[in-house]
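Engineer: I would like to see how this sequence folds:
(one chain, ligands or ions: 1)
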Amino acid sequence: MIEASPIEGFFHRDKEKIYLGTKVNTIIRGSMKRYLDRLGFLEINPVIISPISDPLNHPVDDPTLSYYGYRYRLTKSMIFHKQLALVHFDKIYSFSPNIRLEPLERRGTGRHLAEFTQLDLEVKGKGREFVMKIAEGMIDDAIENVLNALDRGSLNPGLRRYKRPFRKVRYLDAVEEYGKNFETKMSQEAEEPFWIIDIPLMEREFYDREKDDEEGVLMDMDLIYPLGYGEAISGGEREYKYERILQRIAKKGQRKEDYALLLEAARLGIPPSAGFGIGIERFVRFILGAERISDVVLFPKEIGKFVL
Ligand code: ASN
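Structural biologist: Predicted coordinates:
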């Protein structure tokens, strides 16, 4: 089969949609940067290749590249670099390109790409509540800036400034009421963003911290967009002690050899922290009320497609 050239697809993009997508992208990135800079955060440059990256909680291909005999992975998220940055700084963020070679099943979701950017931040010595407040303030500020800059008619009709703090729902309560597929159902029903908190250990990566008073439940959270737009943010407090990281790697059935560098750092002392990441393209999609994330991104890495 002869593949259509990705160039042809590019020349036929819907100009209006990619203009709006790129405009909103410009506004929200600037807005979120200013918000965090005002709070005293330092922006760190993204890491693109490294010996360690996020294991993620769902299977994605994990290609490595060899450079002078050393093995490097492509960044799936900067989680470990965020934790390491706090060895030297107190609060950091990065606009971090992530490569996730997602399986074909995720092609039709409208909100997955094989390459995207997340604004990933981390704060030393603070807890979940602290970073949730930052997320809410930063989102509100970005929405305000978009509403001031663009015509209402080009935006998601349901977009507005939402009441803060956002509602919090415990993961197990959500499952009890809505079943396993709670996220989709609750997102479709909601008119305001809401948090899912206290996610069970096996549903998350090993680095989110287990609660002291509730075994098997984590001090973490997801933010869900209303009107069916699904997950916006994931984050939490982190495991930072050597023994606990080791235990958590084992509980998740992962190989400690793959995280030898993280464990070495933990022996030297990684500070306690909390943080989260917000997907930029998903935020743009929500603001514009676009059906597919690929509609509003200039060079969307669509899953399973030969694209630029
Ligand atoms: N950025 C997320 C966090 O801070 C992790 C991820 O993207 N998987 O928890």
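Engineer: is it true that Glu203 touches Ala174?
Structural biologist: No. Taking Cβ atoms under 8 Å as the definition, Glu203 is not a contact partner of Ala174, at 11.6 Å. Where C-beta positions appear, they are placed from N, C-alpha and C, glycine not excepted.
Engineer: for the two, indicate the residue with more neighbours.
Structural biologist: Ala174 (21 against 12; other Cβ atoms under 10 Å).
Engineer: let me know the next secondary structure element after the helix or strand of the chain with the lowest mean pLDDT.
Structural biologist: One helix or strand of the chain scores below all others by mean pLDDT, DSSP states H and E: helix 6-11, with a mean of 93. Using DSSP states H and E, the helix or strand that follows helix 6-11 towards the C-terminus is helix 15-38.
Engineer: kindly export that following helix (C-alpha atoms) in PDB.
Structural biologist: The C-alpha coordinates for helix 15-38 follow below in PDB (Å, rounded to 0.1, in the frame of the first residue of the first chain):
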ATOM      1  CA  LYS A  15      -6.800  27.200   8.600                       C
ATOM      2  CA  GLU A  16      -9.400  28.600  10.900                       C
ATOM      3  CA  LYS A  17      -9.200  25.700  13.400                       C
ATOM      4  CA  ILE A  18      -5.400  25.500  13.500                       C
ATOM      5  CA  TYR A  19      -5.200  29.300  13.800                       C
ATOM      6  CA  LEU A  20      -7.500  29.300  16.800                       C
ATOM      7  CA  GLY A  21      -5.700  26.300  18.300                       C
ATOM      8  CA  THR A  22      -2.400  27.900  18.000                       C
ATOM      9  CA  LYS A  23      -3.700  31.300  19.300                       C
ATOM     10  CA  VAL A  24      -5.200  29.700  22.400                       C
ATOM     11  CA  ASN A  25      -2.000  27.700  22.800                       C
ATOM     12  CA  THR A  26       0.000  31.000  22.800                       C
ATOM     13  CA  ILE A  27      -2.400  32.600  25.300                       C
ATOM     14  CA  ILE A  28      -2.500  29.800  27.800                       C
ATOM     15  CA  ARG A  29       1.200  29.000  27.800                       C
ATOM     16  CA  GLY A  30       2.000  32.700  28.400                       C
ATOM     17  CA  SER A  31      -0.700  33.000  31.000                       C
ATOM     18  CA  MET A  32       0.400  29.800  32.900                       C
ATOM     19  CA  LYS A  33       4.100  30.900  32.700                       C
ATOM     20  CA  ARG A  34       3.300  34.300  34.100                       C
ATOM     21  CA  TYR A  35       1.200  32.800  36.900                       C
ATOM     22  CA  LEU A  36       3.900  30.400  38.000                       C
ATOM     23  CA  ASP A  37       6.700  33.000  37.600                       C
ATOM     24  CA  ARG A  38       4.700  35.300  39.900                       C
END
